[in-house]
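Participant: mind folding the following:
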Amino acid sequence: MSLPPLVEPAAELTVDEVRRYSRHLIIPDVGMEGQKRLKNAKVLCVGAGGLGSPALMYLAAAGVGTLGIIEFDEVDESNLQRQIIHSQADIGRPKAQSARDTVLGINPYTNVVLHEGRLEADNVMEIFSQYDLIVDGTDNFATRYLVNDACVLLNKPYVWGSIYRFDGQASVFWSEHGPCYRCLYPEPPPPGMVPSCAEGGVLGVLCASIGSIQVTEAIKVLTGAGDPMVGRLMIYDALEMTYRQVKVRKDPDCAVCGPNATVKELIDYEAFCGVVSDEAQEAAAGATITPKQLKEWIDDGEAIDIIDVREPNEYEIVSIPGARLIPKNEFLMGTALQDMPQDKKIVLHCKTGVRSAEVLAVLKSAGFSDAVHVGGGVIGWVNQIEPDKPVY
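Facilitator: Predicted structure coming up:
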């Protein structure tokens, strides 16, 4: 779908800018006019992590005049495998500040605006209204729906990307000209059904593959070049090295962009996505112990069966002494229940406590009323009990 340029061109390019962007200027579909539009563009990148890193770096290199960065997190060593905008020296620094410094190192002509904090319903409209286009680099469903709904309400186009292990997806959502994210995914998946990258992992270079596609689409929308992926979903399989496209049509019954939309203002997205299911919350109430409590039970020789519900590759990285591995899916399928002891208290744990709470709900419904789980999971254990062990 060919669309008109999103922004008007700037008045001129300086001699230094002409020199810098010369390889763009000799492309007929970009040229002087397109480069002036990039200079005049204001683009916000939500997140400075796996997708935000290549997106910000290439947007800056391309000559986008104003880049906004919204990010609340700090640089952790585990980020460096894929978040190439940060370096070893940045560990412990706010990601927004680290990203700004890298961007300015790439292109000092770019104006960088920092929004240091979480993107939430009470600030998203004010922040988004300052920009022409949004690049979504988020990694959780609640923020994705928040970004989508705010963009629909403000009539802003946004470029979306998603990554997991060896797989990636990308599209352009713009309700004025095509579908929105809710047209593709009307409802979020059940809590715990889709692992995050922190739980399932991601190939570092996959971020560059999808992030560069996002920037390509952003440049096309801003300048009017080519056919942006409005109404198309690109699916990338790095293991097979294949790309395929799926048509996405505007849903006439879409809750936010349809003619009879029911979502006319921002909602509670944490509740909408059910970050932890009601069943898990109910099961965990009064049945959550701390890593220190678990350590005391182990030291006192209590009759407990510690069960790790993560995946085998996670278990190989770090584990709680004495824990045996039974992945979460075996509980959801029911195959693990026959191996549960009747003469010991069951103690579940995962990485942070989300998956173990979901398994706890399964056990409670199966009659294991005295089962508990470890709040904070193995990360909490390492931080409080064995700080010399690795975390991931």
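Participant: which SS class is A150?
Facilitator: helix (DSSP: H, G, I helix; E, B strand; the rest coil).
Participant: from G49, how far out is the closest residue to it other than its chain neighbours?
Facilitator: Closest residue in space to A150, ignoring its immediate chain neighbours: V124 at 4.5 Å, by C-beta to C-beta, 6 or more residues apart in numbering. Using the backbone N, CA and C atoms, a C-beta is placed for each residue, glycine as well. Using C-beta to C-beta, to the nearest Å, we find V124 at a distance of 18 Å from G49.
Participant: for V374, which residues count as its bridge partners?
Facilitator: I289 (DSSP bridges).
Participant: list the contacts of the residue nearest to A150.
Facilitator: Contacts for V124 (C-beta atoms under 8 Å, 6 or more residues apart in numbering) come out as 146-147, 150, 266.
Participant: out of the residues you listed, who's nearest R23?
Facilitator: Using C-beta to C-beta, V147 comes nearest to R23 of the contacts of V124, at 31.7 Å.
Participant: can you count the residues close to that closest one?
Facilitator: Residues within reach of V147, counting by other C-beta atoms under 10 Å, total 27.
Participant: now for the longest helix seen in the chain, which elements pack on it?
Facilitator: For the chain, the helix with the greatest residue count under DSSP state H is helix 204-223. If contacts are counted by 3 or more C-beta pairs under 8 Å, 6 or more residues apart in numbering; DSSP states H and E, helix 204-223 sits against helix 31-40, helix 52-62, strand 133-136, strand 158-164, strand 167-173, strand 232-237.
Participant: what pLDDT does the model give P191?
Facilitator: Note on P191: pLDDT of 63.
Participant: got any ranges where the protein has weak pLDDT?
Facilitator: 190-193, 274-275 (pLDDT under 70).
Participant: and it, what are its domain boundaries?
Facilitator: Following the TED database, the chain resolves into domains at 15-274, 278-385.
Participant: the last one: end-to-end distance?
Facilitator: What that stands for is domain 278-385. Domain 278-385 has an end-to-end distance of 30 Å (C-alpha to C-alpha, to the nearest Å).
Participant: check the offset of that domain from the chain's centre.
Facilitator: Computed by C-alpha atoms, centre = their mean, to the nearest Å, the chain-centroid distance of domain 278-385 equals 26 Å.
Participant: now do stretch 161-169
Facilitator: Worked out by C-alpha atoms, centre = their mean, stretch 161-169 lies 10 Å from the chain centre.
Participant: hmm, who's touching that stretch?
Facilitator: The contact list for stretch 161-169, computed with C-beta under 8 Å, 6+ apart, reads 50-51, 136-137, 160, 170, 194-195, 197, 200-203, 206-207, 209-211, 213-214, 233-239.
Participant: and these, which of them are buried?
Facilitator: 50-51, 136-137, 160, 170, 195, 197, 201-203, 206-207, 209-211, 213-214, 233-234, 236, 238 (16 or more other C-beta atoms under 10 Å).
Participant: state the helix or strand in which T102 lies.
Facilitator: helix 95-106 (DSSP states H and E).
Participant: same question, A261
Facilitator: Short version, using DSSP H and E: A261 is in no helix or strand.
Participant: start the count at 721, not 1, going forward
Facilitator: Right, with 721 as the first residue, what we last looked at is A981.
Participant: now it, nearest residue through space, not along the chain?
Facilitator: Nearest residue to A981 in three dimensions, chain neighbours excluded: A975, at 6.1 Å (C-beta to C-beta, 6+ apart).
Participant: please apply the same query to R1075.
Facilitator: Excluding the flanking residues, the one nearest R1075 by C-beta to C-beta, 6+ apart is K1048, at 4.9 Å.
Participant: residues in contact with that neighbour?
Facilitator: K1048 makes contact with 912, 1029-1030, 1070, 1075, 1078-1079 under the criterion C-beta under 8 Å, 6+ apart.
Participant: from I1040, how far out is L787?
Facilitator: Counting by C-beta to C-beta, the gap from L787 to I1040 is 43 Å.
Participant: quick one: which of these two has more around it?
Facilitator: More crowded of L787 and I1040, by other C-beta under 10 Å: L787, with 26 against 23.
Participant: tell me what that one is bridged to.
Facilitator: With DSSP bridges as the criterion, L787 is bridged to V763, V832.
Participant: which one of the contacts of V844 is nearest A781?
Facilitator: Out of these, the member with the shortest distance to A781 (by C-beta to C-beta) is V867, at 24.0 Å.
Participant: gap between that closest one and L904?
Facilitator: Counting by C-beta to C-beta - V867 and L904 are separated by 13 Å.
Participant: torsion angles phi and psi at the residue nearest in space to the middle of the chain?
Facilitator: Central residue of the chain (C-alpha atoms, centre = their mean): D859, 0.9 Å from the mean position. When read as degrees, to the nearest 10, the backbone of D859 gives phi -130, psi 20.
Participant: OK, contacts around it?
Facilitator: 767, 769-770, 916-917.
Participant: ditto for T1072
Facilitator: Applying C-beta under 8 Å, 6+ apart to T1072 gives the contacts 1096-1097, 1099-1100.
Participant: with secondary structure, neighbour count and distance to I746 added, can I get these in CSV?
Facilitator: Output for the contacts of T1072, formatted as CSV (DSSP: H, G, I helix; E, B strand; the rest coil; neighbours: other C-beta atoms under 10 Å; distance: C-beta to C-beta, whole Å):
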residue, secondary structure, neighbour count, distance to I746
G1096, coil, 21, 56
G1097, helix, 24, 54
I1099, helix, 18, 51
G1100, helix, 19, 56
